[in-house]
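Colleague: Just the structure for this:
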Amino acid sequence: MSGGFDVVSESAIRDGTATDAYFLRTEETLEAADRNPRVVAEVTQDQFPSGEFDLLAGVKDAANLLEGIPVDVDAVREGRLFDGGPVMRIEGDYLDFARYETSLLGLLSHQSGIATAALEARRAAPDSSVLSFGARHVHPSLAAVVERGALVAGLDGFSHVAAGEVLGREASGTMPHALVIAFGDQETAWEAFDESVDPDVPRIAICDTYSDEKDESIRAAEALGEALDGVRLDTTSSRRGDFRHIVREVRWELDARGHEDVEIFVSGGLGPENLRTLRDVADGFGVGGHVSNADPLDFALDIVKLDGELASKRGKLSGTKQVFRTPDGGHHVGLADRADPEDGEPLLEPLIRDGEIVREFDVDEAAERALEDAELVGFRE
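Modeller: Prediction:
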């Protein structure tokens, strides 16, 4: 019995064996027939705009996958919203990239779904601190994928330590209920944390372990005094009742006792609707499953040009395309060799030229694009 984890290796992704078997059979068949057509292939979710925008992420990983392969790739920039038409275009000899389709689509589909869900949370509480707490819901090998998608959407941070090492960011988080239970009482746990943990770590006390939120919040403020930065309410759904009222009650009682500077953070199964309801009474949120459990976007890769001629399967649009953003927030799809819409900004830009990556990736810049685009197109208003 093997003691290892069921994880596909990076080497398998890079050599293209992390693929569906029929692509290897396709390679075998084309090579035997001495056939290797020059193609243009496009990655799309919907052919035409539908009015429902999604956020593109995973482009950095996609570029790393295709680096060194003699192809030209154009792609929408990470952090842009799109609605129909291609998000990526590959031009090259088909056998040079055929076996990479499965991994390519997975890299784009999964992180884009996560980023889109994270942007829903960001837009629901634009002025609050929102952290990604959902890494526990996915295979640990995917934690950095989840957290990077959250950052692309503009979330303020995340909780996973190893993901932070991958992404060059410090993980956030203070104490779980388990710490309080391990000590047997709240005050002992809060004071031990304050005495032991680096002073740079905020003192955010979990305040709903054994008694109600108001009681524990008052006790935390009394126990830690000026050292207390905030309280976290992670109340299980079976005990919440009117959660907004609970948060307002905690705020009232802290303020009444002179603890106006103590912030209130809320977590535990929260989605965008919860954030909209609580954003004016809570200072920050931890969002878990809504982000990490997001459905991947349903991208497909289709040949649209074969040896210079128009080509496509049923239900797909032939020809090399471009997508445009107009100043009014519109998303337009058209043939690349035709006139663009008035004042339209072309979104497909060079990513790889003859196997060399010609673009840099900055997650903060991607987040700025996401938030600007979301405002422009009215994302999930």
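
Colleague: Tell me where the longest helix sits in the protein.
Modeller: helix 101-124 (DSSP state H).

Colleague: could you point out which element follows that one?
Modeller: Next along the chain after helix 101-124, taking DSSP states H and E as the criterion, comes strand 129-132.

Colleague: Does anything pack onto the following helix or strand past that next one? Which helices or strands?
Modeller: Next helix or strand after strand 129-132 toward the C-terminus (DSSP H and E): helix 143-152. Identification of packing neighbours for helix 143-152 by 3 or more CB pairs under 8 Å, 6 or more residues apart in numbering; DSSP states H and E yields helix 101-124, strand 129-132, strand 157-158, helix 161-167, helix 289-292, helix 363-377. C-beta coordinates here come from the backbone N, C-alpha and C atoms, glycine included.

Colleague: Reformat those as TSV; add distance to G58 and mean neighbour count.
Modeller: Output for these, formatted as TSV (distance: least, CB to CB, whole Å; neighbours: other CB atoms under 10 Å):
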stretch	distance to G58	mean neighbour count
helix 101-124	4	25
strand 129-132	16	24
strand 157-158	17	26
helix 161-167	14	16
helix 289-292	15	25
helix 363-377	11	19
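
Colleague: Out of the ones you listed, the one nearest S196 is which?
Modeller: helix 161-167 (17.3 Å; CB to CB).

Colleague: what helices or strands is the closest one leaning on?
Modeller: The elements that helix 161-167 packs onto, with contact taken as 3+ CB pairs under 8 Å, 6+ apart, are helix 143-152.

Colleague: List of residues touching the helix it packs on?
Modeller: Here helix 143-152 makes contact (CB atoms under 8 Å, 6 or more residues apart in numbering) with 55, 57-58, 78-79, 110-115, 118, 132, 134-135, 138, 158, 160, 162-164, 166-167, 169, 291-292, 363-364, 366-367, 370.

Colleague: Swap in 7 Å and give it another go.
Modeller: Residues from elsewhere that reach helix 143-152 (CB atoms under 7 Å, 6 or more residues apart in numbering): 57, 78-79, 110-111, 114-115, 118, 132, 134-135, 138, 158, 160, 162-163, 166-167, 291-292, 363, 366-367, 370.

Colleague: cool, stretch 117-135 as well?
Modeller: By CB under 7 Å, 6+ apart, the residues outside stretch 117-135 that reach it are 55, 143, 146-147, 149-150, 153-160, 163, 172, 267, 272, 275-276, 279, 282-294, 370, 374, 379-380.

Colleague: Figure out how far it is from the centre of its chain.
Modeller: Relative to the centre of its chain, stretch 117-135 is centred 10 Å away, using CA atoms, centre = their mean, to the nearest Å.

Colleague: tell me how far the ends of that stretch are from each other?
Modeller: End-to-end span of stretch 117-135 (CA to CA, to the nearest Å): 14 Å.

Colleague: And the average pLDDT for it is what?
Modeller: Mean per-residue pLDDT for stretch 117-135: 97.

Colleague: for stretch 92-109, same thing?
Modeller: 98.
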